[in-house]
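Engineer: have a look; sequence and predicted model below, questions after that.
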Amino acid sequence: MSKITAAITAVGAYVPDYVLTNQILETMVDTNDEWITTRTGIKERRILKDKDKGTSYLGIKAAEDLIAKKGLDPKEIDMLIFATATPDLPVAATAAYTASKIGAVNAFSYDLQAACSSFLYAMSTAARYIESGRYKKVLVVGADKMSSIIDYTDRATCIIFGDGGGAVLFEPNEEGLGVQDEYLRTDGIGRDFLRIEAGGSLLPPTEETVANRQHFVHQDGKTVFKYAVSNMADASVKIMERNNLTNEDVNWLIAHQANKRIIDATAKRMNLTDESKVLMNIHRYGNTTSATLPLLLSDYEKKFKKGDNIVFASFGGGFTWGSMYVKWAYNS
Ligand SMILES: CC(C)(COP(=O)(O)OP(=O)(O)OC[C@H]1O[C@@H](n2cnc3c(N)ncnc32)[C@H](O)[C@@H]1OP(=O)(O)O)[C@@H](O)C(=O)NCCC(=O)NCCS
């Protein structure tokens, strides 16, 4: 019997309707469109305005989009992994709620948190379950309501993040398509530079932590930028070298959308001179954390051909980072 590989067989996505443009941000903090565009590449982001909706809403909508497109019976889903840094509740998995809501009544599920690398790590986890031969349909949902943890008086962070969700289905493949290789890394030094200080076991929430705005994301942007540029590029080059891929062999780079300059630096190190291979949507959505990779898959799905070589890359808080080499498994 041929070896089982884990192939992506469907994608879905959802972004909320409300558009937060750079022009609107100019009225909220001391910033301007030109600064944001040249420093980050971002023009607008989507925000989930409804006060009674959490991250699960974004994930459920994305999963429902996939289910409808694929004509999938949700009862056939064996497992659901919900990649997120903003679960609905600190305890009670967003994954379990999402699985029930979409009718995946035969699935087991859990959340996976690795900041902006959550989705890449969840793809890796899903691939192992499929490769084991025991599970046939694993749904990976990636969603974040970043607006719930962003301080809209802090110009260093509020210009970057947005809300969104995406989903991919993994199924076994016997033609050798799907996940080929991965290179995943972490470095705990990262928690000094990108974090939410309060609300966890180290500093439980108090009136004081709220008054000090310690329940919002804080980052040392310059330091994070330096680590992101070198680590995401290193990981992407490493996966190419390990698999003897030249720049010509790589059809698409699907990189975490944190900052256009970080993506450009990664593409340069990979020698991807053909810009059309470097997929971007950061100008429309900003950094949606766990949703950036599936949102790119959804936006560009029609361009992918069976057998295409895709390099995924991510970098996030923690620090967490890595790359994955995937052979695309279908024509849409
Ligand atoms: C945040 C980031 C865009 C800032 O860009 P930068 O070129 O590093 O800018 P700096 O932080 O050096 O700031 C330069 C100046 O612009 C100012 N500035 C910061 N944010 C600003 C904003 N929104 N509008 C206008 N000016 C701003 C700074 O105060 C600083 O002014 P100063 O020189 O008078 O002190 C960039 O560091 C970055 O993208 N970092 C990575 C963040 C990231 O991706 N995080 C998620 C990881 S997954």
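Structural biologist: Alright, I've got the coordinates. Residues are numbered from 1 along each chain as shown.

Engineer: which residues in stretch 208-225 does the neighbour count mark as buried?
Structural biologist: Using 16 or more other Cβ atoms under 10 Å as the test for burial, stretch 208-225 gives 214-217, 219, 221, 224-225. Glycine gets a C-beta too; all of them are placed from N, C-alpha and C.

Engineer: and stretch 168-180, by the same measure?
Structural biologist: Under the neighbour-count criterion of 16+ other Cβ under 10 Å, stretch 168-180 has 168-173, 177-180 buried.

Engineer: and G322, how many neighbours does it have?
Structural biologist: G322 has 27 neighbouring residues, counting by other Cβ atoms under 10 Å.

Engineer: over to L245?
Structural biologist: 18.

Engineer: for burial, what's the neighbour tally of the nearest residue to N251 once chain neighbours are set aside?
Structural biologist: Leaving aside its chain neighbours, N251 sits nearest to D308 (4.0 Å; criterion: Cβ to Cβ, 6 or more residues apart in numbering). D308: 16 surrounding residues under other Cβ under 10 Å.

Engineer: next one: the most centrally placed residue in the chain from the ligand, what distance?
Structural biologist: Residue closest to the average C-alpha location in the chain (Cα atoms, centre = their mean): S290, at 3.0 Å. Going from S290 to the ligand by Cβ to the nearest ligand atom, to the nearest Å gives 11 Å.

Engineer: where does the residue nearest to that residue when sequence neighbours are not counted land on pLDDT?
Structural biologist: With sequence-adjacent residues excluded and distances taken as Cβ to Cβ, 6+ apart, S290 is closest to G142, at 3.8 Å. Confidence at G142, expressed as pLDDT, is 98.

Engineer: confirm that G142 sits in a strand.
Structural biologist: Yes - assessed with DSSP: H, G, I helix; E, B strand; the rest coil, G142 lies in a strand.

Engineer: got the contact list for it?
Structural biologist: Taking Cβ atoms under 8 Å, 6 or more residues apart in numbering, we find G142 in contact with 59, 62, 82-84, 118-119, 122, 165-167, 290-291, 293-294.

Engineer: kindly format the C-alpha coordinates of stretch 242-251 as PDB.
Structural biologist: Output of stretch 242-251 as PDB, limited to C-alpha atoms (Å, rounded to 0.1, in the frame of the first residue of the first chain):
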ATOM      1  CA  ARG A 242      15.900  20.300   2.400                       C
ATOM      2  CA  ASN A 243      13.600  19.400  -0.400                       C
ATOM      3  CA  ASN A 244      15.900  20.500  -3.300                       C
ATOM      4  CA  LEU A 245      13.500  23.200  -4.400                       C
ATOM      5  CA  THR A 246      14.800  26.000  -6.500                       C
ATOM      6  CA  ASN A 247      13.000  29.300  -6.800                       C
ATOM      7  CA  GLU A 248      11.600  28.000 -10.200                       C
ATOM      8  CA  ASP A 249      10.100  24.900  -8.500                       C
ATOM      9  CA  VAL A 250       8.200  27.000  -5.900                       C
ATOM     10  CA  ASN A 251       4.800  28.000  -7.400                       C
END
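
Engineer: tell me the residues of the stretch 201-332 of the chain that contact the ligand?
Structural biologist: 219, 221-222, 224-225, 228, 258-259, 287, 315-316 (Cβ under 6 Å from any ligand atom).

Engineer: can you put those residues in CSV and add pLDDT, distance to G71 and secondary structure?
Structural biologist: Formatted as CSV, those follow (pLDDT from 0 to 100; distance: Cβ to Cβ, whole Å; DSSP: H, G, I helix; E, B strand; the rest coil):
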residue, pLDDT, distance to G71, secondary structure
Q219, 96, 42, strand
G221, 94, 44, helix
K222, 95, 48, helix
V224, 97, 42, helix
F225, 96, 43, helix
A228, 97, 39, helix
A258, 97, 34, coil
N259, 97, 37, coil
N287, 98, 32, strand
F315, 98, 35, strand
G316, 98, 33, strand
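
Engineer: is any residue of stretch 152-162 near the ligand?
Structural biologist: Yes - if you take Cβ under 6 Å from any ligand atom as the test, stretch 152-162 does meet the ligand, through 155-156, 159.

Engineer: please, a ChimeraX command that selects the buried ones among those?
Structural biologist: The buried subset of these, as determined by 16+ other Cβ under 10 Å, is captured in ChimeraX by this line:
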select :155,159
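
Engineer: how about a markdown table for the residues of stretch 152-162 next to the ligand, with secondary structure and pLDDT added?
Structural biologist: Output for the residues of stretch 152-162 next to the ligand, formatted as a markdown table (DSSP: H, G, I helix; E, B strand; the rest coil; pLDDT from 0 to 100):
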| residue | secondary structure | pLDDT |
| --- | --- | --- |
| R155 | helix | 96 |
| A156 | helix | 94 |
| I159 | coil | 98 |
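
Engineer: and of the residues of stretch 152-162 next to the ligand, the nearest to D88?
Structural biologist: Closest approach between the residues of stretch 152-162 next to the ligand and D88, by Cβ to Cβ: I159, at 25.5 Å.
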